[in-house]
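S.K.: Any chance you could fold what I've pasted below:
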Amino acid sequence: MIGPDPAPARRRRGRLRLVPLTVSVTVALALLCCVGGAAAFMLTSLGGAKDPTMTLAGDACGQGAPLAPDAAAMPRMETFGPSQLRNAAVIIAVGRQLRVPPRGWVIAVATAIQESRLSNLPYLGAGNDHDSLGLFQQRPSQGWGTPAQVRDPAYAARKFYERLVRVKGWESLPLTDAAQRVQRSAFPNAYAKHEPAATDIVNRLANGAARAIGAAVNPRCATATEITASGWTLPVHAKVGSGFRTADRPTHNGVDLIVDRFTEIHAAASGRVLVARCDPDHQGRRNCDVDGYPGKGGCGWFVDILHAGGVITRYCHMVQAPFVRPGQLVRAGDVIGKVGTSGNSSGPHLHFEVHLNGIRAWAGGIDPVPFMRDRGVPLGGAA
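M.R.: Residues are numbered from 1 along each chain as shown. A predicted model of the protein is given here:
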């Protein structure tokens, strides 16, 4: 493990079931995706003669993206250079060949960011955790392969995926839990902070795949109850009513999702509950067990959840006390409460907010519509 985090703990020796993998073929990641966007590019000679040549195309929602074999520009990313992105491309290509769903690509890339900053590390003396090597800091002494093998990016990625897919329910686990089941790190929470960067890398290199549902190798935009490869899902399946900071409601810090009373509300992503309580009205009263009305003030019964990367989601106007408590860890899709009309509300709906940089106050709020669309879960069902 490289960087400020201490080295990972010893990993358990285990017998691995090998899955045949050919990495000399052309791997075309012309995937379906969810948002229009970047130019196409091509990666070749990814670290050796046995590495795959990958043709990667730009975004095109809901349709097969065209290949562009004559494009040569790597995407620009402030944090990672061309060699690091080539290693990420190998990880994605191997996952694709093994038919691992895109959620696995995000987990694998995030793990490699934590372990090596996506660099194929040699033996670094005292900087190594014992005999850890390569992208994933795999240890030959712990059954991962020979030193030469674990420094082959394609081989190392394959070994990671083989262990990942044996983890029961890995696709629905928070990323840091899934990665830890494979890596057995002494610092199991270290992986979570890299989920946003890994999601961005997968989206850029694999045609928006992190915005697609995690259960498909040829992905599509997610619908209600499905979780995207980046780990997001719809809080409710509903029409969008009042929007974010509109001209007639400039202080409206979220969007209203119009849906029936008692509809279940789902955590939009895995995270930790920050707040779950009754929000007082303008008079300081905590009377959330009765229907609210316009001008009353307050969120009524509400929940705030902190997600990877300092993102916070807020769920207001619940019909009764939330089903979760502060400090509780939740998974994407967990039911956290039911829709109501408590607080400053004129009828049953879910008021849904997204905040960045861990700021729960008004200043941290952003428009949830493009945010959720970019994660493959468009609010209101529209791409």
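S.K.: where does the stretch 1-150 of the chain dip in pLDDT?
M.R.: 1-76, 125-130 (pLDDT under 70).
S.K.: Tell me where the model's unsure across the stretch 151-300 of the chain.
M.R.: 186, 214-221, 223-224.
S.K.: could you show me where the helices are in it, in order?
M.R.: With helices called from DSSP state H, counting those that start in this stretch, the stretch 151-300 of the chain shows them at 153-164, 175-183, 195-205.
S.K.: Could you save those helices as CSV and add columns showing distance to I227?
M.R.: Yep, even glycine has a C-beta here, placed from its N, CA and C like the rest. Below are the helices of the stretch 151-300 of the chain laid out as CSV (distance: least, CB to CB, whole Å):
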stretch, distance to I227
helix 153-164, 16
helix 175-183, 12
helix 195-205, 13
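S.K.: For those, give me a markdown table that also has mean neighbour count and distance to G295.
M.R.: Shown next, in a markdown table, are those (neighbours: other CB atoms under 10 Å; distance: least, CB to CB, whole Å):
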| stretch | mean neighbour count | distance to G295 |
| --- | --- | --- |
| helix 153-164 | 24 | 52 |
| helix 175-183 | 23 | 42 |
| helix 195-205 | 25 | 38 |
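S.K.: of those, which approaches A361 most closely?
M.R.: Comparison of the helices of the stretch 151-300 of the chain against A361 by CB to CB identifies helix 195-205 as nearest, at 21.0 Å.
S.K.: that older thread, of the helices of the stretch 151-300 of the chain, which is nearest E353?
M.R.: helix 195-205 (18.4 Å).
S.K.: thinking again about what came up before, which stretch among the helices of the stretch 151-300 of the chain approaches T228 most closely?
M.R.: Here helix 195-205 is closest among the helices of the stretch 151-300 of the chain (CB to CB), at 9.1 Å.
S.K.: Relative to G295, how far out is the residue of the chain most remote from its centre?
M.R.: Centroid-distance maximum for the chain: Q283 at 39.7 Å, with CA atoms, centre = their mean. As for Q283, its distance to G295 is 11 Å (criterion: CB to CB, to the nearest Å).
S.K.: From G295, how far out is the residue nearest the centre of the chain?
M.R.: Nearest residue to the geometric centre of the chain (CA atoms, centre = their mean): S230, 2.7 Å. Distance from S230 to G295, counting by CB to CB: 38 Å.
S.K.: Ok, E264 next?
M.R.: E264 is 28 Å from G295, by CB to CB.
S.K.: So which of the two has more stuff around it?
M.R.: Higher neighbour count among E264 and G295: E264, with 15 against 9, using other CB atoms under 10 Å.
S.K.: Quickly list what the more buried one is bridged to.
M.R.: On the basis of DSSP bridges, E264 is bridged to K338.
S.K.: That one contacts G340, correct?
M.R.: No. At 11.8 Å, E264 does not count as touching G340 under the criterion of CB atoms under 8 Å.
S.K.: Stretch 365-378: which residues count as buried?
M.R.: Neighbour-count burial for stretch 365-378 flags 365-369, 371-378 (criterion: 16 or more other CB atoms under 10 Å).
S.K.: Looking at those, which are in helices?
M.R.: If you go by DSSP state H, those have 368-369, 371-373 in helices.
S.K.: ok, so of those, who is nearest A206?
M.R.: Distances from A206 to these, taken by CB to CB, are shortest for R373, at 18.1 Å.
S.K.: Would you agree the closest one is in contact with L379?
M.R.: Yes. Taking CB under 8 Å as the definition, R373 is a contact partner of L379 at 7.4 Å.
S.K.: what's near enough to touch the residue farthest from the centre of the chain?
M.R.: Contacts for Q283 were tallied using CB atoms under 8 Å, 6 or more residues apart in numbering; they are G297.
S.K.: who's R314 bridged to?
M.R.: D304, E353.
S.K.: pLDDT wise, what is G364 at?
M.R.: Looking at G364, its pLDDT is 97.
S.K.: Now it: closest residue in space that isn't a chain neighbour?
M.R.: Nearest-residue entry for G364: H355, 3.7 Å, with adjacent residues in sequence omitted and distances by CB to CB, 6 or more residues apart in numbering.
S.K.: now swap in T146 and tell me
M.R.: P140 is the one closest to T146 (CB to CB, 6+ apart), at 5.9 Å.
S.K.: How about the contacts made by that neighbour?
M.R.: 131, 133, 146-147, 149-150 are the contacts of P140 under CB under 8 Å, 6+ apart.
S.K.: Quick one: the residues you listed as CSV, columns for secondary structure, distance to L274 and neighbour count too.
M.R.: What follows is those, written out as CSV (DSSP: H, G, I helix; E, B strand; the rest coil; distance: CB to CB, whole Å; neighbours: other CB atoms under 10 Å):
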residue, secondary structure, distance to L274, neighbour count
D131, coil, 41, 15
L133, strand, 39, 26
T146, coil, 46, 11
P147, helix, 45, 16
Q149, helix, 44, 17
V150, helix, 40, 23
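S.K.: State the distance from Q320 to A269.
M.R.: For Q320, the distance to A269 - CB to CB - is 23 Å.
S.K.: quick one: which of the two has more around it?
M.R.: A269 (28 against 14).
S.K.: Quick check: the more buried one touching L234?
M.R.: No. Between A269 and L234 there is no contact under CB under 8 Å: 10.9 Å.
S.K.: If I look at the closest residue to V354 other than its chain neighbours, what pLDDT would I see?
M.R.: With CB to CB, 6+ apart as the criterion, V354 has its nearest non-adjacent residue at 4.4 Å, and that residue is P368. Predicted confidence (pLDDT) at P368: the value is 98.
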